[in-house]
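Undergrad: Predicted model and sequence below, questions to follow.
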Amino acid sequence: MKYVNLILILKLLLVMCFAVHFSSCTFDNEEDLLEDYVCDTIGIVYSDLTYIFEDICQECHKTGDTYRDGIEMDDYDEVKASINTGLVLPDIKHEGSFKMPYQRPKLPDCDIEKIEAWINAGMPEN
Ligand code: HEC
């Protein structure tokens, strides 16, 4: 009986050691990730941004949604034309007359940086 208890305790200790070891490992990794985190804005093309324009904006800015100030975002040409109105960048930065996406949380900083870098690069399609 005593012997069995000892084995149990040893097993428990082993499990605890692993748990401590693992939690410290993931903690280190998270810290590294945060420190090394950079927003990659190099070489952005249109397809890198469709998860924003087509998945978020297009819900309200489809072709024909003229009551949304003529801002349409169905494809590359429409997104480009919308941006050329000069309204998109200030509005997503919440510095314009409207805050976009409308009544939704502001886009993450990195998304805005990517869009701005893409505009500055001349909005390459491919
Ligand atoms: C939930 C719906 C909705 C979503 C999502 C949305 N918009 Fe809008 N957007 C609107 C409405 C409504 C207006 C018209 C506001 C008005 O004139 O009263 C508008 C207007 C605009 C305008 C013109 C504003 C002006 O200054 O005249 C821009 C630019 C714009 N949206 C960009 C975007 C971008 C970029 C996104 C995606 C990041 C986006 N919108 C997502 C509803 C939306």
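TA: Noted; the coordinates are in hand.
Undergrad: can you list contacts of stretch 59-75?
TA: For stretch 59-75, contacts defined as C-beta atoms under 8 Å, 6 or more residues apart in numbering pick out 53-54, 57-58, 78-79, 81-82, 85, 87-88, 101-102. Using the backbone N, CA and C atoms, a C-beta is placed for each residue, glycine as well.
Undergrad: pLDDT wise, what is the nearest residue to Lys93 once chain neighbours are set aside at?
TA: Among residues not flanking Lys93 along the chain, Ile112 sits closest, at 6.0 Å (C-beta to C-beta, 6 or more residues apart in numbering). For Ile112, the pLDDT comes out at 98.
Undergrad: correct me, but Ile112 touches Asp91?
TA: No - using C-beta atoms under 8 Å, Ile112 is not in contact with Asp91; the gap is 10.7 Å.
Undergrad: how near is the nearest residue to Cys39 once chain neighbours are set aside to the ligand?
TA: Nearest non-adjacent residue to Cys39, counting by C-beta to C-beta, 6+ apart: Cys110, 3.8 Å away. With distances taken as C-beta to the nearest ligand atom, to the nearest Å, Cys110 is found 14 Å from the ligand.
Undergrad: same check, this time on Cys60
TA: Cys60 is 3 Å from the ligand, where distance means C-beta to the nearest ligand atom.
Undergrad: immediately after the lowest-mean-pLDDT helix or strand in the chain, which helix or strand?
TA: The weakest-scoring helix or strand in the chain, judged by mean pLDDT, DSSP states H and E, is helix 2-36 (a mean of 60). Downstream of helix 2-36, the first helix or strand assigned by DSSP states H and E is helix 50-52.
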